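A.B. asks: based on what follows, work out the 3D shape:
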Amino acid sequence: MSSLCPFLRFLTSDRAFGNAKTAHNNNSSRFGKFIQVNYQESGTVRGAYVEKYLLEKSRLVYQEHNERNYHVFYYLLAGASEDERKAFHLLKPEEYHYLNQMTKRPHKLPWNNCYESELQDCFTVEGEDLKHDFERLQLAMEMVGFLPATRKQIFSLLSAILHLGNIRYKKKTYRDDSIDICNPEVLPIVSELLEVKEEMLLEALTTRKTVTVGERLIVPYKLAEVTLL
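C.D. replies: Sure, this is the predicted structure:
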């Protein structure tokens, strides 16, 4: 049983990447498993293959009222050390578009006809210890063999995803079909986190490549195509 402990710890921490707070459940599984079982001709089981996949990739960029993004983002923002916060360029949860989409809804006051805006706090859950959960996640990753460099790459990627959500687009003034980025100061941060050249990142965010009849074309995205929300 002791040999299973690291594996069981990682399964627990794996919820950080696949579970999220929904309107009905504070720890709802948002990923599924596909199990392929192989049989011999005699009918006995020969082996099996298990594949995990996210049920809600859209949750990364959009959440309904009173819901949160995947747990791991909040673990990282709450539990990262000061050095890690600087290395990963971490901000506060409410400063990320992918985390701050809690909508203000009109709430009628019972004693008159006035309305006030009610903002539901989805950053925290009662009884939750995000710092402790982040420590458990790091420990589990270490116990199953994730090297420090690999863990750093994973957290850098998570931070890059959040910063990508803060990028805003606008139409270029001299071309109707092309777009530009309103806040280019985000680009060097994402470039550093993803370890890609800033020029290549800008090209990937504003254009797409297509091949027609053997010819390779670079087509600019339209504003409606890049504006997810």
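A.B. asks: count the neighbours of residue 90 for me.
C.D. replies: If you count neighbours by other C-beta atoms under 10 Å, residue 90 ends up with 21. C-beta coordinates here come from the backbone N, C-alpha and C atoms, glycine included.
A.B. asks: may I see the buried residues of the helix ranked longest in the chain?
C.D. replies: Longest helix in the chain by number of residues (criterion: DSSP state H): helix 148-164. Buried residues in helix 148-164, counted by 16 or more other C-beta atoms under 10 Å: 154-156, 158-164.
A.B. asks: what does stretch 183-198 give?
C.D. replies: By 16+ other C-beta under 10 Å, the buried positions in stretch 183-198 come out as 186-187, 189-194.
A.B. asks: let's have those in TSV, adding pLDDT.
C.D. replies: TSV is the format used below for the buried residues of stretch 183-198 (pLDDT from 0 to 100):
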residue	pLDDT
186	96
187	96
189	97
190	97
191	97
192	97
193	97
194	96
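A.B. asks: so which of the residues you listed belong to strands?
C.D. replies: Of these, none are assigned to strands by DSSP state E.
A.B. asks: among those residues, which one sits closest to residue 78?
C.D. replies: residue 193 (18.9 Å; C-beta to C-beta).
A.B. asks: relative to residue 151, how far out is that closest one?
C.D. replies: 14 Å (C-beta to C-beta, to the nearest Å).
A.B. asks: please apply the same query to residue 51.
C.D. replies: Residue 51 is 23 Å from residue 151, by C-beta to C-beta.
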